[in-house]
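**Student:** Sequence and predicted structure below; questions after.
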Amino acid sequence: MPITLASDNTATALPVWTATSDGLDDLPEAARRWAKATRFDAGAGQVLLVPDADGATAGAVLGLGKAAGTGEEAAARRTLAAGALATHLPAGEWQLAEGADLDGSLATLAVLLGGYRFDRYCTGRKDEDAAAVIRFAPPSDVDAAEAQALAAGVSLTRDLINTPTSDMGPAELEAAARTLADAFGAAVTTIEGDALLQENFPMIHAVGRASASAPRLIDLRWGRADAPKVTLVGKGVCFDTGGLDIKPASGMLLMKKDMGGAANVLGLAHMIMACGLDLHLRVLIPAVENAISANAFRPGDILHSRKGKTVEIGNTDAEGRLVLADALALADEEAPQLLIDMATLTGAARVALGPDLPPFFTDDDGFAGDLAAASMAVADPVWRMPLWAPYAANLSSRVADINNVTSDGFAGAVTAALFLQGFVEKAESWSHFDVYGWRAKASPIGPVGGEAHATRALFQVLKARFPRR
């Protein structure tokens, strides 16, 4: 059911009370009696509709689960249960009851996120009644416009990842970037096909040349030219067969999401531009398909890079770091204040931390601390992992400057980050995020499918450092 935000709290909006599994006694008397009569246990994300004496809806109770944990992070995670309101409330106007134990801003965002659906290809579904809308009135101190901007950024990321490669190849990813740019007056340029060789992006060309859709480098700019430079680089591998080191069939089932890094940076860019942060934004996306054809790059090939380093190909399925390296080298030439790359890069990151907790790597302790605090405040988890320099020796090559993989298979997420670090020198601060780009289990704030990781936390850091003018 569609979700909209009302302008502010109104006397006609029905209340949403909150309760923990051991806190039903804090509810209003009628709601408490109804909850106990229906054996409502207030599990996280459970919603109980409360009738009045005439059988009409008088309000609803949102379960927050067990009241375990008293810190900011625990409170933020409980607040995300509000996303369930988007799928459990009937049409009408609703608002958090006075005294509801939730952060109003995060709860409002959770409701918007919880209403997301990807049904573009579900032709058998009937169109929903346009009049059947949940109107949620955020608390008066909530910046509704910012909540909508963040939700729109997350939805953009989800939509891009969920779209199959047949409709989201390199050309379509470029079109999506141009649509975003047009919405905010940003500029986009693209280097495509053999022009990549002329402009010195040989590794982007090598990885993408076997596809029927030409490889390209998408370059988006927005903001005043003299503002602090923030550059986002996103891995845009629109499908990854593994190349000649081909993946098994089971390994390709989710490879439409291998452009999740690009989708995440475009979603973050939407948040930045919609909220008017005072920075000069650059978004670089090497958009390719790692396909198999007679001209596919091979194991044992030695590729030249934009930075001048030569790279021996130990495995064609480690292609993401190759296209990122050329894009990072370009980004680094401007010495941006912040350089952030996001990529669905390694299975090792998933083995280490699972699908919901993306690792990030940086030498900037101040940035890492700010991000950790923001992550806890908005329940957008990240976890710092080490750039352990001694492991860089495992990427050595006898015939080139570096290999794109190690021979021992250990610390794959760390060595991938170290590979990328070798292409960054001038940026004041660089951070690498190894994201999954997929929600493996449904939650109150989203169904199974494409997902934004770390972008809400990153937005909070950028908002604090580069507030609106």
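**Tutor:** Nice, thanks for sending it over.

**Student:** For Phe136, the count of nearby residues, please.
**Tutor:** 26 (other Cβ atoms under 10 Å). C-beta: built from backbone N, CA, C; applies to glycine.

**Student:** go on, Arg384?
**Tutor:** Neighbour tally, Arg384, other Cβ under 10 Å: 17.

**Student:** How about Thr123?
**Tutor:** Counted with other Cβ under 10 Å, Thr123 comes out at 6.

**Student:** Likewise for Phe410?
**Tutor:** Neighbours of Phe410 (other Cβ under 10 Å): 11.

**Student:** That one falls within a helix, correct?
**Tutor:** No: assessed with DSSP: H, G, I helix; E, B strand; the rest coil, Phe410 is coil; it does not lie in a helix.

**Student:** who's in contact with it?
**Tutor:** Residues near Phe410 by Cβ atoms under 8 Å, 6 or more residues apart in numbering: 391, 394.

**Student:** With adjacent residues omitted, what lies nearest to Ile218?
**Tutor:** In this structure, Ile218 finds its nearest non-sequential neighbour in Ile285, 4.2 Å apart by Cβ to Cβ, 6 or more residues apart in numbering.

**Student:** so where's this structure shaky on pLDDT?
**Tutor:** For the chain, the stretches with pLDDT under 70 are 1, 8-9, 68-70, 125-131.

**Student:** follow-up on the earlier one: any idea how far Val237 is from the residue nearest to Ile218?
**Tutor:** Separation of Ile285 from Val237 (Cβ to Cβ, to the nearest Å) stands at 10 Å.

**Student:** Which parts of the stretch 1-150 of the chain are strands?
**Tutor:** Along the stretch 1-150 of the chain, the segments classed as strands by DSSP state E, counting those that start in this stretch run 3-5, 14-19, 47-51, 57-63, 92-96, 134-137.

**Student:** and those as JSON lines, adding distance to Ala176?
**Tutor:** Putting the strands of the stretch 1-150 of the chain into JSON lines (distance: least, Cβ to Cβ, whole Å) gives the following:
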{"stretch": "strand 3-5", "distance to Ala176": "23"}
{"stretch": "strand 14-19", "distance to Ala176": "35"}
{"stretch": "strand 47-51", "distance to Ala176": "34"}
{"stretch": "strand 57-63", "distance to Ala176": "35"}
{"stretch": "strand 92-96", "distance to Ala176": "33"}
{"stretch": "strand 134-137", "distance to Ala176": "28"}
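
**Student:** out of those strands, which comes closest to Tyr391?
**Tutor:** Of all the strands of the stretch 1-150 of the chain, it is strand 57-63 that lies closest to Tyr391, at 45.2 Å by Cβ to Cβ.

**Student:** in what helix or strand does Glu289 lie?
**Tutor:** Taking DSSP states H and E as the criterion, Glu289 maps to strand 280-290.

**Student:** Point out the other helices and strands that that strand packs with.
**Tutor:** helix 170-184, helix 202-208, strand 216-222, strand 229-234, strand 236-240, helix 260-274, helix 320-332 (3 or more Cβ pairs under 8 Å, 6 or more residues apart in numbering; DSSP states H and E).

**Student:** Can you say which of the ones you listed is nearest to Ser397?
**Tutor:** Shortest distance between Ser397 and those, using Cβ to Cβ, is found for helix 320-332: 13.9 Å.

**Student:** Pull out the buried positions in that closest one.
**Tutor:** 320-332 (16 or more other Cβ atoms under 10 Å).

**Student:** quick one: the strand holding Glu289 to helix 170-184, angle?
**Tutor:** When axes from the mean of the first three to the mean of the last three Cα atoms, to 10 degrees is applied, the directions of strand 280-290 and helix 170-184 differ by 160 degrees.

**Student:** Appreciated, that's everything.
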